[in-house]
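J.: this is the structure alone, sequence omitted:
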Ligand SMILES: Nc1ncnc2c1ncn2[C@@H]1O[C@H](COP(=O)(O)OP(=O)(O)O)[C@@H](O)[C@H]1O
Ligand SMILES: [Mg+2]
């Protein structure tokens, strides 16, 4: 417990030097573009592939589970939409990103730490934490909600695809379900969640990478910790935001 | 001039630096020598504020560096160049971008001015046609030279080098040593070098401090280090069989 508090204290202190105005905006934007490419754009394929399959699977499962003839088939579309927007496209995708992006960030910063590149920046009088971490956080917090929207679209398309392929229900029923009792607030809720998760992923994995010690073994260890801690934090944050926003 | 007053540093219960006081003068290569684990790196990092001593004072000229916070230190850090043991080149950046890095942060120079300064610094360390290469594409000696070029990018008043020739062959080592020594004299830099290499000491040691288990036990220069009578220093200086033989042959007492 004392350890956890100490860890959180160090995390908080790091965030206090990260979340300040950059020394030079030009350098910030340059880094922002590099990080957006590395963290967001490169995640599009994996997110798309996973979403298309999950969309398809949700449709099949729901269709086969509705045996009661009094439940209209359009519920399949409704269920697919709700599960995608409420949980899958934000929480599940965030957990996947925690693995992919989290390990990327923590191993990159970790190897910069142990090869003294971070010391070299500090020596020049550069706020290395701000320079290296802030663009990652800003980029993810801003753009990952768009990734979530994309995942939602692609997931629905995956559902449509499997309907064309197997004909479990007809397309009219599916699209009717997609529009049934639609609440745009859920999309807003999901995007907010994604922003919060993105902050957790980037800041936590930056924290573990930035303070990595103990050679390349240490970098590996901090990378593992980064993934574990951000995943668990995502689940907790999910609970809190859901309670706050859907209550 | 850098003045170090009675600094102590602990890691847990272990005292790694014991009451060290020393002065470093401009235009001279001052060396910190000692066996591995004796505390050289910790001393060097304490001097530049990468580690905080638990007590004692570090003065740069008449500024008490050790009492300043990160913002306060910035002004002095702009005057410090540092060469790290492994080079510490930014592996995400080309050679040119590495040398330009401090300029991007701390100058208002135009693109051309920066390019000229980059080329000047690379020329000074005898590197040509490497501007667009990445650090991973360079040999160890070249990486060290880029490290020096980056360290002198903003005309530092102070230069710190942690084991500048570790991992280099003897010939390249001498080249790097000479380079540091020339630059030091040329620009009247206060240079502090960590080393456990007696060749370097004899080559460029204008001022030498010997650390033994965290304690500064001997201060002198390359002219009197061979004839010093300090026991641990002698063991360090004449560690190799070759050195011992030569000592016997020359009949140096100690
Ligand atoms: N971050 C640290 N935490 C704990 N002990 C350290 C740390 N850095 C160095 N030490 C210890 O301090 C002593 C001096 O290390 P160092 O200055 O690196 O030696 P060297 O003279 O080889 O450069 C060693 O015993 C080392 O184990
Ligand atoms: Mg060392």
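T.: Thanks, I have it. The shown structure was predicted, so the numbers you read here are calculated from the model rather than taken from an experiment. Ligands and ions are numbered 1, 2, ... in the order given.
J.: how close does residue A:150 sit to residue A:191?
T.: 12 Å (CB to CB, to the nearest Å). Yep, even glycine has a C-beta here, placed from its N, CA and C like the rest.
J.: setting aside sequence neighbours, what's the nearest residue to residue A:27?
T.: Leaving out its chain neighbours, the residue that sits closest to residue A:27 by CB to CB, 6 or more residues apart in numbering or on different chains is residue B:104, at 6.2 Å.
J.: neighbours of that neighbour, just the number please.
T.: Counted with other CB atoms under 10 Å in any protein chain shown, the neighbours of residue B:104 add up to 15.
J.: check the one 3 residues further on too.
T.: With neighbours defined by other CB under 10 Å, the count for residue B:107 comes to 15.
J.: can you check the one 5 residues further on too?
T.: Each residue near residue B:112 was counted by other CB under 10 Å, and the total is 8.
J.: which of the helices or strands spans it?
T.: Secondary-structure assignment from DSSP states H and E places residue B:112 in helix B:111-124.
J.: so what does residue B:4 have for phi and psi?
T.: phi -110, psi 120 (degrees, to the nearest 10).
J.: dump the residue contacts of it.
T.: B:20-24, B:47, B:56-59 (CB atoms under 8 Å, 6 or more residues apart in numbering or on different chains).
J.: about what we covered before: so the helix holding residue B:112, near chain A or not?
T.: No: judged by CB under 8 Å from any CB of the partner chain, helix B:111-124 stays clear of chain A, getting no closer than 12.1 Å.
J.: rewinding a little: now, which of the contacts of residue B:4 sits nearest chain A?
T.: Using CB to the nearest CB, residue B:47 comes nearest to chain A of the contacts of residue B:4, at 10.9 Å.
J.: out of residue A:150 and residue A:191, which sits in the more crowded spot?
T.: More crowded of residue A:150 and residue A:191, by other CB under 10 Å: residue A:191, with 19 against 16.
J.: what about the more buried one, which helix or strand?
T.: Applying DSSP H and E, one finds residue A:191 within helix A:184-210.
J.: again, but for residue B:159
T.: Going by DSSP H and E, residue B:159 is in strand B:158-162.
J.: follow-up on the earlier one: pull the most distant pair out of the contacts of residue B:4.
T.: B:24 and B:56 (14.9 Å; CB to CB).
J.: and the two? which has more neighbours close in?
T.: Higher neighbour count among residue B:24 and residue B:56: residue B:24, with 21 against 17, using other CB under 10 Å.
J.: burial of the spatially closest residue to the more buried one that is not a sequence neighbour, as a residue count?
T.: With CB to CB, 6+ apart as the criterion, residue B:24 has its nearest non-adjacent residue at 4.2 Å, and that residue is residue B:2. Number of residues near residue B:2 (other CB under 10 Å) recorded here: 21.
J.: residue B:2 reaches residue B:26, doesn't it?
T.: No: at 9.2 Å, residue B:2 does not count as touching residue B:26 under the criterion of CB atoms under 8 Å.
J.: now the common contact residues for the two.
T.: By CB under 8 Å, 6+ apart, the residues touching both residue B:2 and residue B:26 are residue B:190.
J.: following the strand holding residue B:159, which helix or strand shows up next?
T.: Later in the chain than strand B:158-162, the nearest helix or strand by DSSP H and E is helix B:170-186.
J.: so which bits of the lengthiest helix in chain A are buried?
T.: Scanning chain A for the helix with the most residues, using DSSP state H, yields helix A:128-166. For helix A:128-166, the neighbour count (16 or more other CB atoms under 10 Å in any protein chain shown) marks A:128-141, A:143-145, A:147-152, A:154-156, A:158-163 as buried.
J.: just those residues that are near ligand 1?
T.: Checked against ligand 1 using CB under 6 Å from any ligand atom, these give no members in range.
J.: in chain A, which residue sits nearest ligand 1?
T.: Nearest residue of chain A to ligand 1 (CB to the nearest ligand atom) works out as residue A:213 at 7.3 Å.
J.: dump the residue contacts of that residue.
T.: A:113-114.
J.: can you give me the strands for chain B?
T.: For chain B, the strands defined by DSSP state E cover B:2-11, B:14-24, B:29-33, B:55-60, B:63-64, B:80-83, B:158-162, B:190-195, B:207-212, B:215-220.
J.: which residue lies nearest the spatial centre of chain A?
T.: With distances taken as CA atoms, centre = their mean, chain A has residue A:94 as the residue nearest its mean C-alpha position (2.9 Å).
J.: name the nearest residue to that residue, ignoring sequence neighbours.
T.: With CB to CB, 6+ apart, the residue lying closest to residue A:94 is residue A:197, at 3.7 Å.
J.: and what of residue B:132?
T.: Excluding the flanking residues, the one nearest residue B:132 by CB to CB, 6+ apart is residue B:94, at 5.4 Å.
J.: now swap in residue A:59 and tell me
T.: residue A:159 (4.0 Å).
J.: so who does that neighbour touch?
T.: By CB under 8 Å, 6+ apart, the contact set of residue A:159 is A:55-56, A:58-59, A:77, A:80, A:174.
J.: burial measure for residue 69, as a count.
T.: Using chain A. Neighbours of residue A:69 (other CB under 10 Å): 7.
J.: switch to chain B, please.
T.: Neighbour tally, residue B:69, other CB under 10 Å: 8.
J.: look up phi and psi at it.
T.: Taking degrees, to the nearest 10, you get phi -90, psi -180 for the backbone angles of residue B:69.
J.: how far away is it from ligand 1?
T.: 21 Å (CB to the nearest ligand atom, to the nearest Å).
J.: give the contact list for the most centrally placed residue in chain B.
T.: Centroid-nearest residue in chain B: residue B:161, 1.9 Å away (criterion: CA atoms, centre = their mean). Residues in contact with residue B:161, defined by CB under 8 Å, 6+ apart, are B:82-83, B:180, B:191-194.
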